[in-house]
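*Asks:* requesting a structural model of the entry that follows:
(chains A, B and C)
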Amino acid sequence: MKSYQLTCIQCPIGCALTVTVGDGGEVTVTGNTCPRGAAYGEKEVTHPSRTVTSTVPLEGGALPRLPVRTRTDVPKEKIFDIMAQIKKTAVKAPVRSGDTVIENAAGTGVDVIATKTVPAE
Amino acid sequence: MNRHDIIIIGGGPAGLAAAAAAREAGVEDVLILERDVRLGGILNQCIHNGFGLHTFGQELTGPEYAERYADKVEELHIPYKLKTIVADVSADRIVTYVNAEEGVQTVQAGAIVLAMGCRERPRGALGLPGYRPAGIYTAGTAQRLMNVEGYSVGKKVFILGSGDIGLIMARRLTLEGAQVCCVAELMPYSGGLNRNIVQCLNDFNIPLRLSHTVTRIHGKRRVEGVTVSEVDENRRPIPGTEEFYECDTLLLSCGLLPENELSRAAGVKLDRVTGGPVVDDKLMSSVPGVFACGNVLHVHDLVDYVSEEAERAGRQAAEYVRGGGGDGETVVTLEAAGGVRYTVPQFIRPDNMADSVTVRFRVSDVFRDRSVAVYYDGVRVSKRKKRIMAPGEMEQITIRKDGFKAGIPKKITVCVED
Amino acid sequence: MNVNDKEFFDVCVIGAGVVGCAAAMELCRYDLSVCVLEKEEDVCSGTSKANSAIVHAGYDAKPGTLKARMNVRGAELIRRLSRTLDFSYRENGSLVLCFDEGDIPVLESLYERGIKNGVRGLKIISGDEARELEPAVSDKVCAALLAPTAGIVCPFGMTIAFAENAADNGARFRFLTEVKNIERCGEGFALTTSGGAVRARYVVNAAGVYSDKIHNLVCEQKLKITPRRGEYVLLDREVGDLVSHTVFQLPGAYGKGVLVTPTVHGNLLVGPSAEDIEDREDTETTPDGTADVKSKALRSVPGVPYNKVITGFTGLRAHEAGDDFVIGESAPGFFDAAGIESPGLTSAPAIGEYIAALIAEKSGAAPKKDHIDKRVGIPRVAELPAEERSRLIKENPEYGQIVCRCENISAGEIADTVRRRPGAVSLDGVKRRVRQGMGRCQAGFCTPAAAAILARELGIKMEEVRKNAPGSELIKERL
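*Replies:* Numbering: from 1, shown residues only, chains lettered A, B, ... in the order given. This is a model prediction of the structure:
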C-alpha cells in the first residue's frame, strides 16, 4: 500500500488530500470536501497529466518565437520528452493558431500546436 | 483638432474588450491607442494555459485568449494605432499621443477608456539590500525575454515572491533547463494560486519557503547569490536565520501596481489602496467621461474578470457619448471594512444604476470559514459564508437596485465577519 | 581596447570620473595631447555616479583651504558651463537647519565662513521663515542658514558633457584600462595598464577612491584614502516637490549629514549615511545604512513618504586624513587631484581648470586656436514643444518610438547614446546619458527593448549586452 499527500487544485480551498493506493490497485481519497477533489486525487496518483506550453523558433514572421502547446493534456512523465522534441523544432511563417507543429509528440498521440497566428513578412 | 467618440488607451485584454463592447453598443467612432508592436498586451508573453475558463469554458493560453479579442476588433474594423504612446490626457479629454509616423498629435475624445494595465514592483521599491549587479529581473521582464524574444536570463535562479508570474516562470525556466533553487515568500501564505504551486513548484520539486525574504544580494557584476532570512510576524528578518543560496539570477514576483500616470495627469482621483481610479458603478472616474477597466483600475486575479469589467466600461462609455442617462444627484459610498481591503466600484449612483452591480474586492488575510457581510447604513442586509478567502483572489458581491426599495442608503459597508 | 605601445601623450589623466573628465576638458583648451585612462567601461562609473548631486554654495569648507577655494570657483563655473555644455543644473538654494537654540553659534560660524569664502546672498533666518520657504520642514527647526546660490546638477550629465567636450577637442579615452604601474621614463612616465603600455610627459591622478594607490606609485610622501560609504534612497517624481531647496542639517564629524533634496530631474533624494570602510568596491546597500538615512532625514522633513522609494544606492567618497583636497604637482610632472570628497562634484571644473593651468605653465603649451566651447547634448525629445518634437520625429522616426515610458525616452535617444564620443557601451551607460530605466519601474519594462537597440548600434549579439563592465552580461544564452 502506498500513500500520497496532495493539495487539491480544483478550487481555491486547496484541500489537503491523502490518496492511498492499495496492493490491489484500489484507490481511496480522504481530506477532500467534494467529489471533484476525490476525482482529482485519484487521477493525480494513477495517471497525472499536464498541458505543456513552450515556444519554438519562427522564421519569416514578425516574431522570433512562436508560442505552442500540447493540444490536450499529456501524461505528466512525458513533459521533458515533449520539451526535448519541442527544442528540436523550428517553424516558418505563416502559421495559424491551432496549426499542428509536432504530430504525436513523444509518442503520446497528442499534437503540439501553434497558439498564435503569425503572417509571413 | 481631430475628434473621436471614444478613445481607448491600451490594446491589451481590457482595451480590446472595451473597444468591441463600445462598438457593439452602437458607437462607430472608436480608436485604440497601443504602445507595443502588437495588440494583446501582457497576454502575448503569458504562453501558459489557464486563461478563459469562465469566459469560453476552456483553458486557453495567453496568446490564444488575446487573439480571440484581437480578432473581434479586426472583424468589427475598429481602428487602432500600434507603437503609439499616449503622452497626456487632459481633464477635458484631449489626448496627446506620439508615434513615429505622425509625430505629436492631439485629439479630442467624447469619452476615454483607461486600459493601461499595471507594472511590477521593482527591486528598488522593495528595498532589497546588497549590490546592484546584472541578473536581477522582475518575473514579467524575464518572461518577455524568454517567451517573446527567445533568450534565457539565467542558469541558476532564485525567485522572490510567490505571485503567479513568479510561479509560472519557475516552471518555464525549469522546462528550458535552468535550475530554480527556491521560491521565497515574505508572507506566511502564497500570493499565487494553489494550482500554480502544485503544477509549477511541486511538479519539479522546487521548494517554497513562506515567511522568508532576501536580505542581501551578492555579486558586483552579475548576481552570485542571495542571503535569505526568515521573517517574524512583523515581516522583519530574524537575525541568525540567514542562509546563502548560490545563483546567477534573482527574479522578483512581488506585486503589481496599476499604471496611472496618465490618469493622474487628467486629474482622476485615485484610490490609495488599489492604486487605480476611484470609480462609480458605471466605472466612470472622478473626471466625467473618463472610464477605467482592467489592471489599471485594480489588479485582477483572472483575465476573464478583466474582460467582463472592460465590456462594462466600453458599454458605459458608449452610453456616455450618446448622452444617455445622466448621473443623478444621489451618491452611495461603498466602504471596505474589517478584513476587506477595498471595493471597486467605490461608489454607486442609484438614480441611474443597472438592475445589478457587481462589486469586486480583496481581503487582507487568509480567512477560513468566515462570512462576507454587507451593511446598508449599519444594518446588515446579507451575510454569506465562504470556505476560504485569500488576498491572492478577488471576491465579489452583487448590489441590486431593487434592494433599495426600502430607501437608498448613504453608505454600503462590506466586511469579513464570523 | 589595446593602447598602442607607440602612443605618447603630453598628458595622461587617470580616471574618467567628473574630476578626470574636467581635467581632460580643461587641458584640451591648450595645445596638449590628452589621454584619459579608465578602469571601468565608461565615464562616470565610480564616486561621480553616486553622490548627492549638489552644487554647494561654499560655506562649509574652512577659509583658505583648497576645498573652500575650489568650491566657490567650481560653483561659478558650473553655472556657466551648464549653458555652454548643455547639462541640467538648477539654482534651487539650500537651507541648513538648526534644531537647538544652543547650536545657533554653529550656524553663525557657518555664515561667517561663507562670507570669508566669498559666498553671495547668505542669510540666517528664523524657524518660521524656514517653514515659510519650505512648509515640509520640521516644527522643531529654530533657525536656518539660507544659501540662495546653492544648486543641484545632474552628475552624469555634467561628467558626460565634460568628457564629450574633451573628446571634441581631441582627448582620447581608453576604457577597461586599469593602471597597474607608473615608472619614470626619460622626461615623462611609462604607464603599465591592463590594456598595454602608455607613455606621457605628465600624469594627472584623478583616480577617486584609488587615488592614493596611484599617488603612492610615484610619490615619496604616501597618501591614504579611506572609502567613506554613503547610502541614499531615491523617491518617485510624484513626490519630488516635497521640498524645493536642498535641506541640510548642521554638519557633524562625518560630513554634511543627511540631506533631503529635489533632483534636477524632479525626484526626491535622501542621504547619505557615512561609514568608513576598507573595500574600495563596496557599494552595497545595507538594512542598517538605509534605516539610518531614512530616520535621520525625518528629523529635517518629517513627512518623507518612504512608500514612494524607487531605488537605493551607495556611493564611496574618497576621504583623506588631512581633510582637504590634495591637488597639485606632488612629484615633478605628476599632478594629484586626490582626496576629492564633498564638495568634489561642485569643485570638479575648478580642479580641472587649476591643474590644466599648472600643466600649461610648466609645459609652455599655448591655448588651442580652434577650441570648441559649445557642446549640444542628446535632445530630450519628450520635453520639447509639440511642433519641435514632431519635426525631430520626422527627421528620425525613432524619436517617436517611446521605449522607456516612465521617463519618456525614445528609441532614437537610446541609439544616440552609442553614437556619441565617448559613447555608451553598456546599459548603465545608456541610463546615465538619457535616463532610460531611471524612472519608477526601474527598467522593468524597457530593458529588453533598450538592450536590443544597444546590441544593434554596437553590432553585438544580445548575449553580449552588458549592464556595465565585462561579467555583467544580461542574457545567458539564446533558447
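*Asks:* all strands of chain A, in order?
*Replies:* In chain A, strands defined by DSSP state E lie at A:2-7, A:16-21, A:27-30, A:49-50, A:53-59, A:65-70, A:74-75, A:91-92, A:100-102, A:112-114, listed in chain order.
*Asks:* indicate which one of those strands is closest to B:V344.
*Replies:* Smallest distance to B:V344 across the strands of chain A (Cβ to Cβ): 29.8 Å, for strand A:2-7. C-beta here means a position set from N, CA and C on the backbone, and glycine is covered the same way.
*Asks:* got the angle for that closest one vs strand A:16-21?
*Replies:* Computed by axes from the mean of the first three to the mean of the last three Cα atoms, to 10 degrees, the angle separating strand A:2-7 from strand A:16-21 equals 160 degrees.
*Asks:* buried sites along strand A:2-7?
*Replies:* Within strand A:2-7, the residues that count as buried by 16 or more other Cβ atoms under 10 Å in any protein chain shown are A:L6, A:T7.
*Asks:* contacts for that strand next, please.
*Replies:* A:14-21, A:41, A:44-45, B:194, B:197-198, B:202 (Cβ atoms under 8 Å, 6 or more residues apart in numbering or on different chains).
*Asks:* so where's chain C shaky on pLDDT?
*Replies:* C:1-6, C:253-256 (pLDDT under 70).
*Asks:* for chain B, same thing?
*Replies:* Checking chain B against pLDDT under 70 turns up B:325-327.
*Asks:* get me the contact residues on chain A for chain C.
*Replies:* For chain A, the contact set with chain C under Cβ under 8 Å from any Cβ of the partner chain comprises A:T55, A:P57, A:R65.
*Asks:* which strand residues bridge the last one?
*Replies:* Right, A:R65. Beta-bridge partners of A:R65, counted by DSSP bridges, are A:P57.
*Asks:* quick check: the gap between A:G25 and A:P35.
*Replies:* A:G25 sits 21 Å away from A:P35, going by Cβ to Cβ, to the nearest Å.
*Asks:* tell me which of the two has more neighbours.
*Replies:* Higher neighbour count among A:G25 and A:P35: A:P35, with 10 against 7, using other Cβ atoms under 10 Å in any protein chain shown.
*Asks:* quick one, which of the contacts of strand A:2-7 are buried?
*Replies:* Buried by 16+ other Cβ under 10 Å: A:G14, A:C15, A:L17, A:V19, A:V21, A:G41, A:E44, A:V45, B:N194, B:I197, B:V198, out of the contacts of strand A:2-7.
*Asks:* domains in the chain, by residue range?
*Replies:* Answering for chain A, as no chain was given. In terms of domains, chain A is parsed into A:2-46, A:53-114 (source: automatic domain parsing).
*Asks:* other chain: chain C
*Replies:* C:88-150+C:226-316, C:381-464.
*Asks:* and among those, the most buried is which?
*Replies:* domain C:381-464 (a mean of 21; mean count of other Cβ atoms under 10 Å in any protein chain shown).
*Asks:* tell me if that domain is near chain A.
*Replies:* No. Domain C:381-464 stays clear of chain A (Cβ under 8 Å from any Cβ), getting no nearer than 10.4 Å.
*Asks:* measure that domain end to end?
*Replies:* Terminal residues of domain C:381-464 are spaced 28 Å apart (Cα to Cα, to the nearest Å).
*Asks:* do that domain and chain B meet at all?
*Replies:* Yes. If you take Cβ under 8 Å from any Cβ as the test, domain C:381-464 does meet chain B, through C:382, C:386-387, C:389-391, C:393-394, C:397-402, C:405-406, C:408, C:440-445, C:447-448, C:452, C:462-463.
*Asks:* dump the strands of chain A into TSV; add distance to C:P148 and mean pLDDT as well.
*Replies:* As requested, these are exported to TSV (distance: least, Cβ to Cβ, whole Å; pLDDT from 0 to 100):
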stretch	distance to C:P148	mean pLDDT
strand A:2-7	65	91
strand A:16-21	68	93
strand A:27-30	78	94
strand A:49-50	68	96
strand A:53-59	59	97
strand A:65-70	58	98
strand A:74-75	73	97
strand A:91-92	67	97
strand A:100-102	69	98
strand A:112-114	66	98
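*Asks:* from C:N468, how far off is the most centrally placed residue in chain A?
*Replies:* For chain A, the residue nearest the mean C-alpha position is A:T51 (1.9 Å; Cα atoms, centre = their mean). A:T51 sits 41 Å away from C:N468, taking Cβ to Cβ as the criterion.
*Asks:* next one: B:N2
*Replies:* From B:N2 across to C:N468, the span is 45 Å (Cβ to Cβ).
*Asks:* tell me which of the two has more neighbours.
*Replies:* Shown here are B:N2 and C:N468; by other Cβ under 10 Å, C:N468 has more neighbours (21 against 10).
*Asks:* B:Y69 contacts B:A18, correct?
*Replies:* No. With contact defined as Cβ atoms under 8 Å, B:Y69 and B:A18 do not form a contacting pair (9.9 Å).
*Asks:* more crowded one of those two?
*Replies:* Neighbour totals were compared for B:Y69 and B:A18, and B:A18 leads with 37 against 27 (other Cβ under 10 Å).
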